[in-house]
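Student: Model the following, please.
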Amino acid sequence: MSISVDDRTTITDLIKLHGHLTDRGDFDGLTALFTEDVVYDVSALGGTPLAGLAGAREAALALGDGNPVAHHVTNIVLREIDDGVVHALSKGLGVRTDGSVDSVTYEDTVERTPAGWRITHRVVRPRRTPLRD
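Tutor: Predicted coordinates:
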């Protein structure tokens, strides 16, 4: 079964909304994107996998002004891996207060839940070396 056009639009919008909510500190709004027990893996950035929305919120608040002022997402590619489970690959750009920009790759597992499509697992990988996976 392939992903419907409506599901593609919904999942893509879900991923795009992350930056808007995060940039304005609307952590309560993240329940529209992630499951409560999401694993948010930032180990490739030097952290540890964050457990649940509460863990992600605590980490963002602990970073404080070290957070990017703007998160942008692009190049979203969706692939169905099981009925009701989609792998989403996207690129992220984080603009810092000094104007520098960081690049990451997001690897998301998105599942159809009773509340709709939600990200259940996210891996964030920094992009620091060109022409490498």
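Student: Next, count neighbours for Val42.
Tutor: 18 (other Cβ atoms under 10 Å). The way it works is simple: take the backbone N, C-alpha and C, and place the C-beta from them, glycine included.
Student: now swap in Ser2 and tell me
Tutor: 7.
Student: Using the three-state scheme, assign the closest residue to Asp108 other than its chain neighbours.
Tutor: Excluding its sequence neighbours, the residue lying closest to Asp108 (Cβ to Cβ, 6 or more residues apart in numbering) is Ala88, at 4.2 Å. Under DSSP: H, G, I helix; E, B strand; the rest coil, Ala88 falls in the strand class.
Student: With Gly99 instead?
Tutor: Local secondary structure at Gly99 is given as coil here, using three-state DSSP.
Student: could you measure it against Pro68, distance?
Tutor: Going from Gly99 to Pro68 by Cβ to Cβ, to the nearest Å gives 11 Å.
Student: So between those two, which is more surrounded?
Tutor: Taking other Cβ under 10 Å, Gly99 and Pro68 do not tie; Pro68 has more neighbours (19 against 7).
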